[in-house]
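Peer 1: Just to be clear, the model below is a prediction. Sequence and coordinates:
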Amino acid sequence: MKTSRIAKAAALAASLTLAAPLVFAQNIAIVNGKAVPKARAEAMIEQILKQPQQPGQPPQERSPELEQKVKDEVVLREIFIQEAERRGLQGSADYKTQMELARQSILIRALFQDFEKKNKPDEAEAKAEYDKIKAANGGQEYRARHILVEKEDEAKALIAQIKGGAKFEDLAKKNSKDPGSAENGGDLDWANPGNYVPEFSQAMTKLQKGQVTDTPVKSQFGFHIIKLEDVRTAQFPSFDEVKGQLMQRQAQAKLAKFRDELRTKAKTDYKFSE
């Protein structure tokens, strides 16, 4: 009987000894008698790897250096948390308010992530939008220069100077009120006529290559003198080149619609400012 008890005690001691390394492996450290689980560090690493990087920066990768920094941070947090709790700060009104705000933010983010996961962008819809945009921006592109002034008499005087041999670009730099093009001699680069106000585009498309408008063209901005530099068939990127942008825009539009629907359906006496 006594032998049996000794054998059982020895077996129990042996099992505890074998289990100890396993328990220790599940924890990063013990802080004031409290275990800091390895899972806490793993969760933080996952969050870091999911974070979007700044444009031009390579994606964050798991490395021994990252793992060590996270372990340091997790253990430090446990030390600080224990001290805060020892001082009873978890019972303060400010702590409870911040915790409630954090809970709301996490839940809302989870809601939108769940929606995006279940409502992924559709390539067929993106292609339809691409075709629509391409159709609206097809045809001819025009490269023009212009000089913008406030008064018609100013425009007429400048036209007279151009007819007399003055260089259009020089007059644009000196006289044009359009800050976006004046420094470049009035150059507006290549554009579809639909990008301009109707009065401007109608006058521009009637010009021949190298021709300047004989009379000032009035618009909501003032009076224009237009010179047509060249015309070409519209250049448009392929669907594959812009597919990512279109699908991202589609995802954003779906999420915005979902948000608006929730707001509209909610029963509330609150009046939003927008």
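Peer 2: Alright, I've got the coordinates. Numbering: from 1, shown residues only.
Peer 1: any low-confidence regions in the stretch 1-150 of the chain?
Peer 2: Along the stretch 1-150 of the chain, segments meeting pLDDT under 70 span 1-25.
Peer 1: at 50 what do you get?
Peer 2: 1-2, 9-10, 12-23 (pLDDT under 50).
Peer 1: Would you mind measuring from the closest residue to residue 205 other than its chain neighbours to residue 63?
Peer 2: Excluding the flanking residues, the one nearest residue 205 by CB to CB, 6 or more residues apart in numbering is residue 193, at 5.6 Å. Just so you know, the C-beta spots here come from the backbone N, C-alpha and C atoms, and that holds for glycine as well. According to CB to CB, to the nearest Å, residue 193 stands 54 Å off from residue 63.
Peer 1: Looking at these two, which is more packed in?
Peer 2: residue 193 (16 against 9; other CB atoms under 10 Å).
Peer 1: who touches that one in this structure?
Peer 2: 140, 142, 201, 204, 205 (CB atoms under 8 Å, 6 or more residues apart in numbering).
Peer 1: Give me the neighbour count for the last one.
Peer 2: Residue 205 is surrounded by 14 other residues when neighbours are defined as other CB under 10 Å.
Peer 1: Can you classify residue 56 by secondary structure?
Peer 2: Following DSSP: H, G, I helix; E, B strand; the rest coil, we place residue 56 in the coil state.
Peer 1: go on, residue 178?
Peer 2: Here residue 178 takes the coil state, with states given by three-state DSSP.
Peer 1: for residue 232, helix, strand, or coil?
Peer 2: Quick answer, by three-state DSSP: residue 232 is strand.
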